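I'd like to go over a predicted model; first the sequence, then the structure.
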Amino acid sequence: MKKVLFVCSGNSVRAIMAEALLNHHGHGRIEVFSAGAESRVVNPNALAAIENFGLLTENLHAKCIHSLTHIEFDYVITLEDKTALECDSRIHGKSYLAWDIPDPLASQEAKAFEHVLQMLNERIQCFVQNEVDQVQSTLTPLVFYKALADEIRLKTLLILIVEQEVCVCELMVALNEHSQPKVSRHLAQLKKLGILSDRKYQQWVFYSFNSTVPKWMKNTLSQTLINEPNFIAQALTRLRVMGDRPSRVASCCN
């Protein structure tokens, strides 16, 4: 089992978020740690953002680098430049990565913690796929264009260009499709091809573009949407009737 350590100055926000996310995406195949140059109390806003994302928080607590000096890590990932220098001689790692992730505590944005969590989520999904799994991408141009050769799959991807994220019941309403297994089957196929990724929140599963999808593929879909907006106009209208989240999600339960 590979060992990964996330390091930030206080281990109160970013490294804690990264620990929760990699525990989720690693599916038990990665032993995940987080620590700080100094130990602080975990920020409650960070825990709230993690919980709202649908992840567990009960085992998350702040730790100091000193408590982990006896472990040799496969990857040490620093989340700010300062800690990259401070932990260099104290932590033993086979590979070192530096991710410069903004501090939500220094931001005035209303959703700063959620935005940083999403940024980390995208980086960690790429990390798991590219660094840990070391899987060659099977999403070739031929595979991509074959995936578009179905109305449900194509409209789903175009809807995601606009909505960023949808659940199965939202797609059923948007596509006027009454068979949940049918829609779920197409989503599962897109996920298997590496085009979509998912996250679970309570009883819902939300789908979005996999962060590793090449930019030109998303640009192809964007150009389709720009030049043929009527293709999904009715689908988007049906979604708007559902309202915004959380009221939209509540209507999925009815």
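Perfect, I can see it now.

helices along the protein, start to end?
14-26, 44-52, 81-86, 112-127, 141-147, 151-163, 168-175, 180-192, 215-227, 233-241, 247-252 (DSSP state H).

pick the most buried one from those.
helix 14-26 (a mean of 25; mean count of other C-beta atoms under 10 Å). In this view, the C-beta of every residue, glycine as well, is placed from N, C-alpha and C.

report the distance from that one to the chain centre.
For helix 14-26, the separation from the chain centroid amounts to 10 Å (computed by C-alpha atoms, centre = their mean, to the nearest Å).

what's next to it, contact-wise?
4, 6-8, 30, 32-36, 42-43, 46-47, 49-50, 55-57, 60, 62, 77, 79-80, 101, 103-104, 116-117, 120-121, 124-125, 127-128, 132 (C-beta atoms under 8 Å, 6 or more residues apart in numbering).

identify the residues contacting the nearest residue to Pro102 once chain neighbours are set aside.
Among residues not flanking Pro102 along the chain, Val116 sits closest, at 6.3 Å (C-beta to C-beta, 6 or more residues apart in numbering). Counting by C-beta under 8 Å, 6+ apart, Val116 touches Val13, Arg14, Met17, Ala49, Ile101, Pro102, Asp103, Pro104.

tell me how many other residues surround the last one.
The number of residues packed around Pro104, counting by other C-beta atoms under 10 Å, is 22.

for it, give its distance to His115.
Distance, Pro104 to His115, using C-beta to C-beta, to the nearest Å: 7 Å.

the first one too?
According to C-beta to C-beta, Val13 and His115 sit 12 Å apart.

repeat that for the third one.
Summarising the geometry, the distance separating Met17 from His115, computed by C-beta to C-beta, is 11 Å.

which sections of the stretch 101-250 of the chain are below the confidence cut-off?
Applying pLDDT under 70 to the stretch 101-250 of the chain flags residues 131-137, 201-202, 211, 245-250.

hmm, Asn130 is touching Thr212, no?
Yes - at 7.3 Å, Asn130 counts as touching Thr212 under the criterion of C-beta atoms under 8 Å.

and these two? Which one has more around it.
Thr212 (16 against 12).

so what's that one up against?
Applying C-beta under 8 Å, 6+ apart, the residues near Thr212 are Gln125, Cys126, Gln129, Asn130, Ser137, Leu139, Gly194.

7 Å - rerun?
Cys126, Gln129, Gly194 (C-beta atoms under 7 Å, 6 or more residues apart in numbering).

with adjacent residues omitted, what lies nearest to the last one?
For Gly194, ignoring the flanking residues on the chain, the nearest one in space by C-beta to C-beta, 6+ apart is Leu139 at 4.6 Å.

and that neighbour, how many neighbours?
The number of residues near Leu139, taken as other C-beta under 10 Å, comes to 16.

likewise Ile232?
With other C-beta under 10 Å as criterion, Ile232 counts 23.

excluding sequence neighbours, find me the nearest residue to it.
Leu158 (4.9 Å).

residues contacting that neighbour?
Leu158 touches Leu221, Thr224, Leu225, Phe231, Ile232, counting by C-beta under 7 Å, 6+ apart.

ok, 10 Å please
When contacts are counted by C-beta atoms under 10 Å, 6 or more residues apart in numbering, Leu158 touches Leu148, Leu221, Ser222, Thr224, Leu225, Glu228, Pro229, Phe231, Ile232, Ala235, Leu236.
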